[in-house]
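J.: Model the structure of this input:
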Amino acid sequence: MSGHSKWSTIKRQKGKTDAARAKIFTKIGREVAVAIKMGGVDTQTNSRLRDCIAKARAANMPNENITRFIKKASGELDSINYEHVLYEGYGVCGSAVIVEALTDNKNRTAGEVRHIFDKYGGALGANGCVQYLFEKKGVMIVDKTIINQTEDEFVLLCLDYAVEDVLVEQDEYIIYTSAIEFGQTHKSLLEKGIVFLSAQVDRVPKDKVQLDADSLNKFENMLDKFEESEDIQEVYHNVK
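T.: Purely as a prediction, here's the structure:
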């Protein structure tokens, strides 16, 4: 299986400031609100809410924050009018990019996304232009330095819980599941005491492309600009 599409992004996120951390929490809170409006507050029947909570915990969001987001969203259902929008386009050198947004103003967000693509040598494309290059997978990232098991022991543990693959990096394990099995597998590994750096359903590239140093720098600057937007929830790409 290919490596994780957002690997470089996650490594940069380790050094996030408190302000950036708060922005991440705000974005997750928006996802929680939409999940509750679509499926209610029961995590047994609302898989989307379960996945949001898993993502929040992996981002080290305190339980009281999660509870507060859920209560707030439950009491404000009539005022929640965010729409999920998917944008597809190309970064430098034809690299594939998918941008997921939750917005209350699609015209504003579309203009912002188009501007960022254009500014960094890319282009906003038509629906379906790059989506076929990705597949949805549950992706969980674990810091190897806090695991008291050998690599073989950890991989065997994961394979007991509907895990499709475990990628062993220098400092991290990247665990892949099907999108359907993600929630239950994440819960099972949590019960085994596994702590996650990141855990969510992602769009994983089927293949990846290599950029030269200058192009890669421009591409990463584009990713940073996307991350600054409150409307943009996730960005997926196929760049090594």
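J.: residue ranges of the helices in this protein, please?
T.: Along the chain, counting by DSSP state H, helices occupy 7-13, 18-39, 47-58, 63-75, 106-119, 151-158, 182-191, 213-228.
J.: Pass me the low-pLDDT residue ranges in the protein, would you?
T.: Applying pLDDT under 70 to the chain flags residues 1-20, 77-78, 80.
J.: picking up where we left off before, Ala96 is nearest to which of the helices of the chain?
T.: Ala96 sits nearest to helix 213-228 of all those, at 11.3 Å, using C-beta to C-beta. All C-beta atoms are positioned from the backbone trio N, CA, C, and that covers glycine.
J.: Measure how far the closest one is from the centre of its chain, please.
T.: 17 Å (C-alpha atoms, centre = their mean, to the nearest Å).
J.: Could you do stretch 95-111 as well?
T.: 15 Å.
J.: Tell me who's in contact with the residue lying closest to Ser74 once chain neighbours are set aside.
T.: Distances taken as C-beta to C-beta, 6 or more residues apart in numbering place Val41 nearest to Ser74, at 5.6 Å, with adjacent residues excluded. When contacts are counted by C-beta atoms under 8 Å, 6 or more residues apart in numbering, Val41 touches Leu49, Ile70, Ser74.
J.: Just give the number of residues close to the nearest residue to the first one once chain neighbours are set aside.
T.: Counting by C-beta to C-beta, 6+ apart, Ala35 is the residue found nearest to Leu49 once chain neighbours are left out, at 4.2 Å. Neighbour count of Ala35, defined by other C-beta atoms under 10 Å: 22.
J.: Is Ala35 in contact with Lys55, as I believe?
T.: No: taking contacts as C-beta atoms under 8 Å, Ala35 lies outside contact range of Lys55: 10.5 Å.
J.: picking up where we left off before, any figure for the gap between the residue nearest to Ser74 and Arg50?
T.: Val41 sits 11 Å away from Arg50, going by C-beta to C-beta, to the nearest Å.
J.: Same question for Gln210.
T.: Distance, Gln210 to Arg50, by C-beta to C-beta: 36 Å.
J.: Please identify which of the two sits among more neighbours.
T.: Arg50 (20 against 10).
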